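Q: Need coordinates for the following:
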Amino acid sequence: MFSASSERIRRDIEAMSAFTASPGQGMTRFSFSGEDRKTRDYIKDRMKEAGLTLFEDAAGSLFGRRAGSRADAPAIMIGSHFDSVKNGGCFDGPAGVVMGLEIARVLHENGIETEFPLEFAALVEEEGARFGGGLHGSRAMTGKVSREQLDSFKDRDGISVADAMKSFGLDPERIAEAVRPKGSLKAFIELHIEQGPILEAEGIEIGIVKTIVGITQQEVEILGRPDHAGTTPMDMRANALLAASEAALFLDGAAKEAGEGTVGTVGRMEVFPGGANIVPGRVFFTVDIRSVNNGKLEGVVSSLGLFLKEMEKKYGVTASMKEKIKVAPVEMSREIFDLFSTEAEKRGYSTKTMQSGAGHDAMIMAAVTDVGLIFVPSKGGRSHCPEEWTDYEQIRKGVDVILGTVLSLSGAKV
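A: Predicted coordinates for the structure are as follows:
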């Protein structure tokens with residue numbers, strides 16, 4: 001029975017951890033940055049060592065391809081993303097990229113031939129930490145990124161995705177070329193740290209995901225009127241911050257009322273002009289809503305929109321809400337789920353069927369192929385912070401389960 005190397009997994013993750021814009025303060029690796037360049041160069045070197053043929057698609061994602069005996073067969077794609085949130089951890093995303101690298105090495109070293117070709121993926125801008133969109137690499141592959149969106153999604157410095165791509169050596173005019181033709185993929189398989197406390201608390205080694213929650217992300221702008229804080233009477237103000245504050249509180253209550261694990265978050269809020277003695281004239285904030293029930297998801301969005309209309313009347317402001325991402329809840333492939341379960345049992349690993357409250361590239365890829373997602377335990381349930389940690393041996397066990405599954409799916413000769 002073939003197995004991965006926890007030492008090589010450690011080496012890869014620790015090497016990639018050095019490519020951060022915030023040394024000593026966790027991982028900050030935004031897409032199309034210098035840190036991105038260094039990381040993909042490292043990944044390219046490891047892919048070449050594993051005998052893979054390298055290519056980058058029009059969206060900026062990196063792939064290593066391993067030919068199968070059937071040249072016309074659809075490919076099995078495995079991997080994850082390598083960008084990060086600001087001051088995050090070193091395992092969110094890279095653990096899945098390293099999974100792909102390690103499986104490629106095991107196949108290469110043992111001369112294993114497969115019927116179906118394999119692609120090992122390192123995807124960009126999954127987090128959306130720089131441009132606010134998220135899941136860029138997988139959305140591009142599934143035809144959900146338009147040329148116009150590349151101009152409308154911008155970072156805090158006003159740099160659009162299109163401009164960042166150009167500076168990075170990519171051509172945004174060719175974004176449609178990233179779309180994978182229908183039938184070109186047999187499966188997409190991802191490994192990810194759990195980012196929660198359940199597996200560790202229950203002493204479970206492998207989480208096999210059955211469902212990924214639906215997600216919608218919105219940007220809200222409220223325009224009032226900036227005035228002098230000392231000379232403008234309270235009943236003559238158009239205070240944008242008051243309306244925004246009530247909207248944030250409303251979202252919290254609406255998500256709780258929706259139930260079924262529905263959650264709503266205002267994660268970023270900016271107040272303008274931002275002076276201590278100025279009535280806030282403009283407020284920008286983000287909204288993130290998630291649920292396993294698509295009706296609940298849409299219901300909370302709709303009720304928030306109606307509430308913002310009430311705030312316009314109450315405070316004399318104008319409010320607008322712009323949708324950035326909307327993805328319905330997704331069921332994983334039953335076939336891949338069963339292969340995961342069989343392989344874990346064969347290797348003696350404990351498992352738990354799970355729901356993912358976090359979004360992953362797998363949820364986007366489900367629109368074009370069968371998908372599978374495995375979780376490995378997160379220390380203390382921590383993620384999106386410098387304290388994020390998963391033991392390398394735990395990652396190895398997840399890699400082993402996917403390795404065995406890929407051998408089964410690909411028609412490997414072993």
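
Q: which element is the residue in the chain sticking out farthest from the centre on?
A: Within the chain, the residue lying farthest from the chain centre (CA atoms, centre = their mean) is Thr231, at 47.2 Å. For Thr231, there is no helix or strand it lies in under DSSP states H and E.

Q: and if you look at Gly264?
A: Per DSSP H and E, Gly264 falls inside strand 263-265.

Q: Does anything pack onto that strand? Which helices or strands?
A: Contacts defined by 3 or more CB pairs under 8 Å, 6 or more residues apart in numbering; DSSP states H and E place strand 263-265 against helix 240-258, strand 282-291. (Each C-beta comes from the backbone N, C-alpha and C, glycine too.)

Q: Starting from that strand, tell me which strands it pairs with and how they run.
A: strand 282-291 (antiparallel) (DSSP bridges).

Q: quick check: mean pLDDT across the partner strand?
A: When pLDDT is averaged along strand 282-291, the result is 97.

Q: go on, stretch 390-409?
A: 98.

Q: got it, and stretch 234-243?
A: 98.

Q: next one: stretch 86-98
A: 97.

Q: so how far is it from its chain's centroid?
A: 10 Å (CA atoms, centre = their mean, to the nearest Å).

Q: Surely Gly230 is in contact with Ala276?
A: No - in this structure, Gly230 is not within contact of Ala276 by CB atoms under 8 Å, at 10.8 Å.

Q: Would you mind giving the domain segments of the chain?
A: In terms of domains, the chain is parsed into 6-213+329-409, 215-327 (source: automatic domain parsing).

Q: Could you identify which of those is most buried?
A: domain 6-213+329-409 (a mean of 20; mean count of other CB atoms under 10 Å).

Q: Find the residue closest to the most centrally placed residue in the chain in space, skipping its chain neighbours.
A: Centroid check for the chain by CA atoms, centre = their mean gives Glu126 as the closest residue, at 3.7 Å. Among residues not flanking Glu126 along the chain, His81 sits closest, at 3.4 Å (CB to CB, 6 or more residues apart in numbering).

Q: pLDDT wise, what is the one you found at?
A: 98.

Q: Settle this for me: it is touching Gly134, isn't it.
A: No - the criterion here is CB under 8 Å, and His81 misses it with Gly134 at 9.8 Å.

Q: what sits in contact with each of these two?
A: Glu125, Glu126, Glu127 (CB atoms under 8 Å, 6 or more residues apart in numbering).

Q: wait, which of those is closest to Ser146?
A: Glu125 (15.1 Å; CB to CB).

Q: what about the closest one, distance to Phe153?
A: 9 Å (CB to CB, to the nearest Å).

Q: Identify the contacts common to these two.
A: Joint contacts of Glu125 and Phe153 (CB under 8 Å, 6+ apart) are Phe131, Gly133, Val161.

Q: contacting residues for the second one?
A: By CB under 8 Å, 6+ apart, the contact list for Gly133 reads Glu125, Arg139, Gln149, Phe153, Val161, Lys324, Ile325.

Q: In a markdown table: these, plus distance to Glu173 and secondary structure.
A: Converted to a markdown table, those look like this (distance: CB to CB, whole Å; DSSP: H, G, I helix; E, B strand; the rest coil):
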| residue | distance to Glu173 | secondary structure |
| --- | --- | --- |
| Glu125 | 18 | coil |
| Arg139 | 18 | helix |
| Gln149 | 13 | helix |
| Phe153 | 16 | coil |
| Val161 | 13 | helix |
| Lys324 | 22 | strand |
| Ile325 | 23 | strand |
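
Q: so which two of those residues are the farthest from each other?
A: Val161 and Ile325 (13.6 Å).

Q: give the contact list for Ser333.
A: Counted by CB under 8 Å, 6+ apart, Ser333 has contacts Ala187, Asp370, Val371, Gly372.
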